[in-house]
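*Asks:* model this:
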Amino acid sequence: MASKQPPRFNPKIFLTQIGSGRTALQCRKNQIVFSQGDAADAVFFIQEGQVKLSVLSQQGKEAVVAVLDRDNFFGEGCLVAGLQACMATATSLGNSSIVRIDKRAMIDMLHNEPAFSELFLTHLLYRNIRTQEDLVDQLFNSSEKRLARILLLLSHFGKEGKQEPMIAKISQETLAEMIGTTRSRVSFFMNKFRKLGFLDYNGGIHVHSSLVNVVLHD
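*Replies:* Below is the predicted model:
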């Protein structure tokens with residue numbers, strides 16, 4: 001009689017289970033998950049909600065470097081040899097469910113489970129591409145185009161052939177920090193987009209696919 005084969009490792013299921021160095025965090029709106037300068041000793045995975053990553057200069061100026069939603073990792077810098085402190089502050093934008101994975105547990109999974117390593121590598125490659133795109137956007141595009149691009153990204157435009165409303169309300173201050181302009185300019189462009197029918201407000205910001213014309217227009 002053939003012996004039963006152990007079930008195949010499923011990284012998505014692993015990331016929903018608690019234990020072996022994994023802790024569940026239930027975060028409220030605007031709750032800080034970790035602060036810039038804290039000990040870098042864990043990787044985090046978003047099950048539900050959104051998390052803002054921001055950095056603060058020595059002069060006290062804050063910049064938002066990313067807004068991440070479900071199925072994203074953050075805090076992966078702790079895996080870099082010699083990096084002992086968090087380089088950014090992570091803040092929950094709404095009620096969020098997050099899994100905290102101790103650094104040692106994360107390293108063990110990457111070494112022992114190829115399926116998990118593949119999932120994590122895909123995440124890192126996507127984030128690297130997104131960072132390069134953000135840099136090009138910041139260097140060459142107007143603030144109006146940068147705002148349109150951020151809104152399309154936050155609404156998941158082009159993913160699985162559909163767009164979604166933003167999961168959490170994004171303040172105009174946060175949008176301004178993300179694209180490097182003032183809140184008044186963001187307000188001006190948001191009103192312009194609404195009047196042109198590119199977005200509307202109905203229990204949240206609903207972005208229409210026609211907004212892509214702003215990004216494509218020279």
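*Asks:* and the chain, what are its domains?
*Replies:* 11-135, 141-216 (automatic domain parsing).
*Asks:* measure the most centrally placed residue in the chain to residue 209 for me?
*Replies:* Nearest residue to the geometric centre of the chain (CA atoms, centre = their mean): residue 68, 1.2 Å. Shown here: residue 68 relative to residue 209, a distance of 23 Å by CB to CB, to the nearest Å. Any C-beta I mention is one placed from the backbone N, CA and C, and that applies to glycine too.
*Asks:* circling back to that earlier point, tabulate the domains of the chain (a markdown table), appending mean pLDDT.
*Replies:* Listed next are the domains of the chain as a markdown table, based on pLDDT from 0 to 100:
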| stretch | mean pLDDT |
| --- | --- |
| domain 11-135 | 92 |
| domain 141-216 | 84 |
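*Asks:* would residue 186 count as being in a helix?
*Replies:* Yes: counting by DSSP: H, G, I helix; E, B strand; the rest coil, residue 186 falls inside a helix.
*Asks:* what sits against it?
*Replies:* Neighbouring residues of residue 186 by CB atoms under 8 Å, 6 or more residues apart in numbering: 147, 172, 175-176, 179.
*Asks:* Return the closest of the residues you listed with respect to residue 52.
*Replies:* residue 175 (11.1 Å; CB to CB).
*Asks:* A helix includes that closest one, no?
*Replies:* Yes: per three-state DSSP, residue 175 lies within a helix segment.
*Asks:* okay but it is in contact with residue 150, surely?
*Replies:* Yes: with contact defined as CB atoms under 8 Å, residue 175 reaches residue 150; the gap is 6.5 Å.
*Asks:* and the two? which has more neighbours close in?
*Replies:* residue 175 (24 against 20; other CB atoms under 10 Å).
*Asks:* gap between that one and residue 106?
*Replies:* Distance from residue 175 to residue 106, by CB to CB: 32 Å.
*Asks:* before we move on, what about residue 72?
*Replies:* Distance from residue 72 to residue 106, by CB to CB: 15 Å.
*Asks:* what comes up buried for the longest helix along the chain?
*Replies:* When the chain is parsed with DSSP state H, its longest helix is helix 114-140. By neighbour count on 16 or more other CB atoms under 10 Å, the buried set for helix 114-140 is 116, 119-120, 123, 127, 134, 137.
*Asks:* Can I get stretch 170-177 in PDB, CA atoms only?
*Replies:* What follows is stretch 170-177, C-alpha atoms only, in PDB (Å, rounded to 0.1, in the frame of the first residue of the first chain):
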ATOM      1  CA  ILE A 170      -6.300  58.600   0.600                       C
ATOM      2  CA  SER A 171      -6.000  62.200   1.900                       C
ATOM      3  CA  GLN A 172      -4.900  64.900  -0.500                       C
ATOM      4  CA  GLU A 173      -2.000  65.600   1.800                       C
ATOM      5  CA  THR A 174      -0.800  62.000   1.300                       C
ATOM      6  CA  LEU A 175      -1.300  62.200  -2.400                       C
ATOM      7  CA  ALA A 176       0.700  65.500  -2.500                       C
ATOM      8  CA  GLU A 177       3.600  63.800  -0.500                       C
END
